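Trainee: take a look and give me a structure for this.
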Amino acid sequence: MYLHFRSELSKLGQEIEQLWAPELRSASDEATFFAAKGKVLDILNVLYGEKSREFRVVKLTSSPATVVKVVNHVMRRSDMNSPSSKVVNL
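Mentor: Just a heads-up that it's a prediction; the model follows:
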């Protein structure tokens with residue numbers, strides 16, 4: 001289940017990053033961004049809860065760059081906590 005959320009976060013991060021590019025923006029991008037942001041919030045709520053810093057930052061922002069940074073942070077943090085990195089660190 002955790003891997004499903006991780007792959008979904010990765011896809012959403014890429015989708016939002018594409019919306020962030022100024023040359024690719026269009027009128028419908030705002031609606032797409034808020035839909036993707038809602039999905040990110042759902043995943044963060046399941047993984048960390050509504051009281052987590054990650055959830056609160058994404059909830060309060062309207063900046064695609066900030067959402068991408070939070071998604072990247074969560075992905076890096078999950079990479080550091082993966083079983084394969086723990087084996088290497090032993």
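Trainee: what number of residues lie near Val74?
Mentor: Counted with other CB atoms under 10 Å, the neighbours of Val74 add up to 23. All C-beta spots, glycine's among them, are computed from the backbone N, C-alpha and C.
Trainee: hang on, I meant Ser78
Mentor: For Ser78, the count of nearby residues is 17 (other CB under 10 Å).
Trainee: wait, it sits on Ser7?
Mentor: No - in this structure Ser78 lies outside contact range of Ser7 using CB atoms under 8 Å: 10.9 Å.
Trainee: could you list the low-confidence segments of the protein?
Mentor: Scanning the chain with the threshold set as pLDDT under 70 gives 1-3, 19-28, 79-90.
Trainee: which element, helix or strand, includes the nearest residue to Thr66 once chain neighbours are set aside?
Mentor: Excluding its sequence neighbours, the residue lying closest to Thr66 (CB to CB, 6 or more residues apart in numbering) is Val57, at 6.7 Å. Remark: Val57 resides in helix 53-60, with elements defined by DSSP states H and E.
Trainee: right, and the helix or strand after that helix?
Mentor: helix 64-80.
Trainee: how about the contacts made by the residue most central in space within the chain?
Mentor: Closest residue to the average C-alpha location of the chain: Val71 at 2.8 Å, with CA atoms, centre = their mean. For Val71, the contact set (CB atoms under 8 Å, 6 or more residues apart in numbering) comprises Leu9, Ser10, Leu12, Gly13, Ile16, Val40.
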